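> Here you go, sequence then predicted model.
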Amino acid sequence: MPDNDKALKPEDLTRLFVERANEGDAAGIAALYEENAVMAYPPGSQTAGRDAIRALWEKVLANAPHFEPEAPLPTLISGDIALTATAPKDGAGARAQVARRQPDGTWLRLLDQPEFTPPVG
């Protein structure tokens, strides 16, 4: 697998996600997550595990949505754990992910909060 297909730094995960989503590659998206990763999606629930995340994205990508790259906010890194976030273009409120450095030095998502809209009032 070429190096540009792996996240060599935590911020690469968002770029790779957008590329793979726009290619309709659910398995490629799932490969960006650790085996036991948890994603806070669909809204109000959670999807746990790489296989479930792949199945979720197969359904989402069946509608051929288009994803736009979003500018990363500053990444916080402590040892092998990183917190990444982007300012969403779709007004979803906030996106944040926790990534972990793997033994080979690449990064995978462990926790993913793709949408969070603060309650009104």
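Noted; the coordinates are in hand. Numbers count the residues shown, from 1 in each chain.

> Now for residue 26: which residues touch it?
Shown in contact with residue 26 (C-beta atoms under 8 Å, 6 or more residues apart in numbering): 54, 55, 57, 58, 60, 61. C-betas here are computed from N, CA, C, even on glycine.

> isn't there a strand covering the fifth one?
Read it as residue 60. No: under DSSP: H, G, I helix; E, B strand; the rest coil, residue 60 falls outside any strand and is assigned helix.

> and it, how many neighbours?
Neighbouring residues of residue 60 were enumerated by other C-beta atoms under 10 Å; the total is 15.

> which residues touch it?
When contacts are counted by C-beta under 8 Å, 6+ apart, residue 60 touches residue 26.

> Point out where this protein drops to low pLDDT.
Within the chain, the set of residues satisfying pLDDT under 70 comprises 1-4, 90-93, 116-121.

> quick one, helices of it?
Assigned helices in the chain, in chain order: 12-22, 26-30, 50-61 (criterion: DSSP state H).

> Name the residues of the second one that are buried.
Neighbour-count burial for helix 26-30, with 16 or more other C-beta atoms under 10 Å as criterion, is recorded at 26, 28, 29, 30.
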